[in-house]
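Novice: Starting from these lines, generate the structure:
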Amino acid sequence: MPTISSIAKSLKIVPLLKGLTDKQLERLAHRVVERSYKAGEVIVKQGTGGEGFFIVTTGKAEAIHERSDGEKTVVNVFKPTDFFGELALLSEGMRTATVVAVEDCECLVLTRWEFRAVLEEEPEIAIVVLEEMADRFRKVLSTL
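Specialist: Sure thing, here's the model as predicted:
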């Protein structure tokens, strides 16, 4: 079982959280849970409600998008320090892809309700996270 300090260190290297202070990272670390997935196991399923943000700490996973005609495409590969599900921190929308563990994986998971509880204590975290999301969105749009 990881310590709060080791979880905070893991959070610190996640690009989405890079602007947070050590104190803010520790607040989040108290709300994070660790989950293990075996190779081949579905971590999240496309079309289901998104409730959490996942940070891969060990192993590898793939995001697979299934089109309405049934064609499946690998749209992303996640390795340690990569993350997915960040929109689930802000909205109750549906997952846009299925994420499957390609290798045995360990993930840190922060649910929307735990994230919001931290924001009530420290609302500045929202500004930092939203600025990083906006930067990421801008980069994606510039490649279109």
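Novice: packing partners for the longest helix along the chain?
Specialist: The helix spanning the most residues in the chain, taking DSSP state H as the definition, is helix 124-142. If you count contacts as 3 or more Cβ pairs under 8 Å, 6 or more residues apart in numbering; DSSP states H and E, helix 124-142 packs onto helix 22-29, helix 112-121. Backbone N, C-alpha and C define where each C-beta goes, glycine included.
Novice: deepest of these, which one?
Specialist: Stretch with highest mean neighbour count among the helices and strands packed on helix 124-142: helix 22-29 (a mean of 17; mean count of other Cβ atoms under 10 Å).
Novice: Residues contacting that helix, please?
Specialist: Here helix 22-29 makes contact (Cβ atoms under 8 Å, 6 or more residues apart in numbering) with 4-5, 7-8, 11-12, 17, 20, 110, 115, 118, 121-122, 124-125, 128.
Novice: 6 Å - rerun?
Specialist: By Cβ atoms under 6 Å, 6 or more residues apart in numbering, the residues outside helix 22-29 that reach it are 4, 7-8, 11-12, 118, 122, 125.
Novice: Relative to the whole chain's centre, how far out is that helix?
Specialist: The chain centroid and the centroid of helix 22-29 are separated by 16 Å under Cα atoms, centre = their mean, to the nearest Å.
Novice: next structured bit after that helix?
Specialist: Downstream of helix 22-29, the next assigned helix or strand under DSSP states H and E is strand 33-37.
Novice: who does that following strand touch, helix- and strand-wise?
Specialist: Applying 3 or more Cβ pairs under 6 Å, 6 or more residues apart in numbering; DSSP states H and E, we find strand 33-37 packed against strand 105-111.
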